[in-house]
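**Q** requesting a structural model of the entry that follows:
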Amino acid sequence: MINILKRLHHRPPYLMINEVIEHSPQMLSALSLPKGDEFYLLGHFPATPVVPGAIMQEMTTQAAGLLITEYHSPVPDYDSEKTKGWALGVLRAVHTAKYKSFARPSDRMVIKVELIDQMENIFRFKGKITVDEKVIMHNEFSLVNIEEAKLKGL
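**A** Just a heads-up that it's a prediction; the model follows:
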């Protein structure tokens, strides 16, 4: 099983992945289980909370980041707290994103990402999120591994 906190720099309240279901070098499936008290639900929308589209994009980005750090890291056994010098899985582009329905508190969101292309440190993914086996969102996006100094603006 993938240790999420070891592989991702994200921490609550911005960590969106609760559990990894399955993974391989080309695919990762994960769960997000919004309860209703998350920062992104509190004002979106009052009395009718739904997960914002930008947050669904971030969920697929975090799942893809887990796949990169587990299988495609430029350093062996990447550890988000100990490995220095790299920022892995930084969002480079959103190529397409389509939203078909909503996710609400207590929905079991299944996030699946597939690595569809890689050129050096750039990774292109296809992602989708399902609730009750119905696709509510699908997208294509690219992530990049960059030197940590660039992330810090140095």
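**Q** most remote residue from the chain's center?
**A** residue 47 (27.0 Å; CA atoms, centre = their mean).
**Q** now do the SS call for it.
**A** Secondary structure assignment for residue 47 (DSSP: H, G, I helix; E, B strand; the rest coil): coil.
**Q** repeat for residue 59
**A** helix.
**Q** which ones are touching the closest residue to it other than its chain neighbours?
**A** Closest residue in space to residue 59, ignoring its immediate chain neighbours: residue 16 at 4.6 Å, by CB to CB, 6 or more residues apart in numbering. All C-beta atoms are positioned from the backbone trio N, CA, C, and that covers glycine. Shown in contact with residue 16 (CB atoms under 8 Å, 6 or more residues apart in numbering): 10, 32, 55, 58-59, 62.
**Q** out of those residues, which one has the lowest pLDDT?
**A** On pLDDT alone, residue 10 ranks lowest of the contacts of residue 16, at 94.
**Q** which residues sit in contact with it?
**A** Residue 10 neighbours (CB under 8 Å, 6+ apart): 16, 62.
**Q** the chain should start at 53 in everything you say after this.
**A** I'll keep to 53 as the first residue from here, and by that count the last item is residue 62.
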